[in-house]
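In: structure here, sequence nowhere to be found:
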């Protein structure tokens, strides 16, 4: 039996060899252009400026980054007071934004009370001699339904707040026109 010949590899100077030692043209550089010479103009930028740089800055200078307006998300303290918003019959002001964290904390407290009631029920059932497995299940697995409820409650609050903020931002855009 003869062994097959070893596979042949292309010489390192072959341009098709991605692992060779020969220098290749960098990705995106047009044929015939050197990699160290910047192109004259790139897409969407002023003449001689690389893409993404500001018009008043030289190429390679750090950009100031995205600018956020401080009014992008109104703080809960903006607008009228609680009672004025509560009795606003045209529903132009929202009370939900001001008390969302308080409502969420109440929801967590309700979920914790639910778990505590499960444990107390397990103690009562175990004390009556009908089975101690209920108490063990309430302690070890009783936290799962309240956790699922907290997650669902949190998502619901976030959804309502997102809708309210979308409404407020849309109203601001309409008022600007």
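Out: Now that the structure is in, tell me what you want to look at. All figures in this text were calculated on a predicted structure; none of them were measured in a lab.

In: how close does residue 153 get to residue 132?
Out: Between residue 153 and residue 132 the computed distance is 32 Å (CB to CB, to the nearest Å). (Glycine included, C-beta is placed from N, CA and C.)

In: higher neighbour count, the two?
Out: Between residue 153 and residue 132, residue 153 has the larger neighbour count (other CB atoms under 10 Å), namely 18 against 13.

In: what residues sit buried inside the helix or strand bottoming out on mean pLDDT in the chain?
Out: None of the helices or strands of the chain scores lower by mean pLDDT, DSSP states H and E than helix 82-86, at a mean of 78. Using 16 or more other CB atoms under 10 Å as the test for burial, helix 82-86 gives residue 85.

In: what packs against it?
Out: Helices and strands touching helix 82-86, by 3 or more CB pairs under 8 Å, 6 or more residues apart in numbering; DSSP states H and E: there are none.

In: what lies in contact with that helix?
Out: Applying CB atoms under 8 Å, 6 or more residues apart in numbering, the contact partners of helix 82-86 are 79, 93-95, 98.
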